[in-house]
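Chemist: I would like the atomic coordinates for the input below:
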Amino acid sequence: MSFSGGRFGKAFLRFAAPFTKLRAIPVIGPGLRWASAKLLSRDALTWVQVRRGPAQGIWLHLNPRTGRDYFNGDVEPEVQAVLQEYLRPGMTVYDIGANIGFFSLLAARIVGAAGRVAAFEADPEIAARLRENVARNQGAPIGVEEKAVWSSSSPVFFARADAEVSPDRGLGHVIDNDADKSAPSTIPVAAVSVDEYVRESGAPDFIKCDVEGAEVEVFRGAEKLLKETQPLILCEMHGNKNRETLLKTFANLGYRCEPCGKNHVLAQHTK
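Modeler: Okay, here's the model as predicted:
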């Protein structure tokens with residue numbers, strides 16, 4: 001018998017951490033894995049509130065197996081710190097690659113009712129969870145866009161992450177390799193460029209971008225915005241080539257970049 005979440009899922013999130021190291025022990029580990037699989041299905045979800053940090057009290061529908069950092073408020077502290085330092089009430093934020101919405105909800109809390117957050121998530125299943133999280137946190141000024149952000153507003157192919165490896169499918173990404181488009185996990189999704197979206201919905205003051213390697217294409221589709229409005233940008237870089245290309249692009253558009261943690265770059269215009 002397995003449980004879908006509920007009280008056992010909450011207990012798993014709260015108390016399983018001390019047993020994590022035991023899973024590597026030859027005799028004990030397999031037994032623990034077997035027991036947890038029997039008691040808690042891999043697709044289980046449970047409602048919890050973030051325990052601490054700037055997102056404390058925010059409701060999230062979490063997978064107990066993978067959601068511990070979210071539950072504890074420990075996910076990517078460098079990103080949380082930037083949002084706290086640079087966001088202000090009334091700002092407009094684009095969260096590109098929002099996943100289940102932890103940072104969208106934190107941003108919405110900071111910008112308040114006078115502000116706005118546009119949360120972009122391409123994976124249909126995760127976008128549905130994102131909408132659930134937004135609805136549970138009533139009053140959060142967040143619009144969910146079930147779209148990939150790309151260099152143009154044409155449909156793209158999206159490789160969904162393997163749920164066995166990433167239950168929250170946080171590793172999904174746009175692909176432009178024809179050989180990969182026929183994979184069972186690859187689906188066509190709607191896409192929009194930042195500049196196109198701005199024309200319809202207004203410019204952001206701040207962009208947070210985490211798109212698993214598609215960041216160069218995202219900002220190719222945002223050059224007009226970066227030239228004219230110069231929003232603050234926090235971008236996670238995936239690979240040295242992407243980093244080099246983007247740093248050059250930002251510099252050419254008048255941005256000064258500084259590292260933020262291991263993988264992020266904070267880009268501010270020098271105007």
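
Chemist: what's the burial count for G202?
Modeler: Per other C-beta atoms under 10 Å, the neighbour tally for G202 reads 11. Placement of C-beta: from N, CA and C, glycine included.

Chemist: hang on, I meant K262
Modeler: K262, neighbours per other C-beta under 10 Å, totals 8.

Chemist: that one in helix, strand or coil?
Modeler: Following DSSP: H, G, I helix; E, B strand; the rest coil, K262 is assigned to coil.

Chemist: now do the helices in the stretch 51-200 of the chain.
Modeler: With DSSP state H, counting those that start in this stretch as the criterion, the stretch 51-200 of the chain has helices at 68-72, 77-86, 102-111, 124-136, 194-201.

Chemist: now stretch 66-73: average pLDDT?
Modeler: For stretch 66-73, mean pLDDT is 93.

Chemist: cool, stretch 254-269 as well?
Modeler: 95.

Chemist: buried sites along that stretch?
Modeler: By neighbour count on 16 or more other C-beta atoms under 10 Å, the buried set for stretch 254-269 is Y255, C257, C260, H264, V265, L266, A267, Q268, H269.

Chemist: most packed of the helices of the stretch 51-200 of the chain?
Modeler: helix 102-111 (a mean of 25; mean count of other C-beta atoms under 10 Å).

Chemist: just to revisit the earlier point, can the helices of the stretch 51-200 of the chain go into CSV with extra columns for distance to A148?
Modeler: CSV is the format used below for the helices of the stretch 51-200 of the chain (distance: least, C-beta to C-beta, whole Å):
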stretch, distance to A148
helix 68-72, 23
helix 77-86, 21
helix 102-111, 16
helix 124-136, 11
helix 194-201, 12
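
Chemist: G239 is nearest to which of those?
Modeler: Closest of these to G239 is helix 77-86, at 18.8 Å (criterion: C-beta to C-beta).

Chemist: quick one on the thing from earlier: compare the helices of the stretch 51-200 of the chain and give me the one nearest F157.
Modeler: helix 124-136 (13.7 Å).

Chemist: for the closest residue to I187 other than its chain neighbours, give the beta-bridge partners.
Modeler: Leaving aside its sequence neighbours, I187 sits nearest to F158 (C-beta to C-beta, 6 or more residues apart in numbering; 5.6 Å). Beta-bridge partners recorded for F158 (DSSP bridges): V174, I187.

Chemist: for F158, grab the count of nearby residues.
Modeler: Other residues close to F158 by other C-beta under 10 Å number 22.

Chemist: from H61, how far off is it?
Modeler: 22 Å (C-beta to C-beta, to the nearest Å).

Chemist: one more: R131?
Modeler: R131 is 10 Å from H61, by C-beta to C-beta.

Chemist: mind listing the strands for the stretch 1-150 of the chain?
Modeler: 3-5, 40-49, 59-62, 92-96, 116-120, 142-145, 148-149 (DSSP state E, counting those that start in this stretch).

Chemist: distance from the shortest one to the middle of the chain?
Modeler: Going back to what we said before, that points to strand 148-149. 12 Å (C-alpha atoms, centre = their mean, to the nearest Å).

Chemist: elements contacting that strand?
Modeler: strand 191-192 (3 or more C-beta pairs under 8 Å, 6 or more residues apart in numbering; DSSP states H and E).

Chemist: show me the domain layout of this protein.
Modeler: 1-75, 87-269 (automatic domain parsing).

Chemist: what's the most buried one of those domains?
Modeler: For the domains of the chain, the highest mean count by mean count of other C-beta under 10 Å goes to domain 87-269, at a mean of 19.

Chemist: low-confidence ranges in the stretch 51-200 of the chain?
Modeler: Across the stretch 51-200 of the chain, the ranges flagged by pLDDT under 70 are 161-173, 175-184.

Chemist: identify all contacting residues around stretch 205-218.
Modeler: Contact partners of stretch 205-218, identified using C-beta atoms under 8 Å, 6 or more residues apart in numbering, comprise 79, 83, 86-87, 91-97, 99, 103, 107, 148-151, 171-174, 194, 219, 222, 231-239, 242, 245-246, 249.
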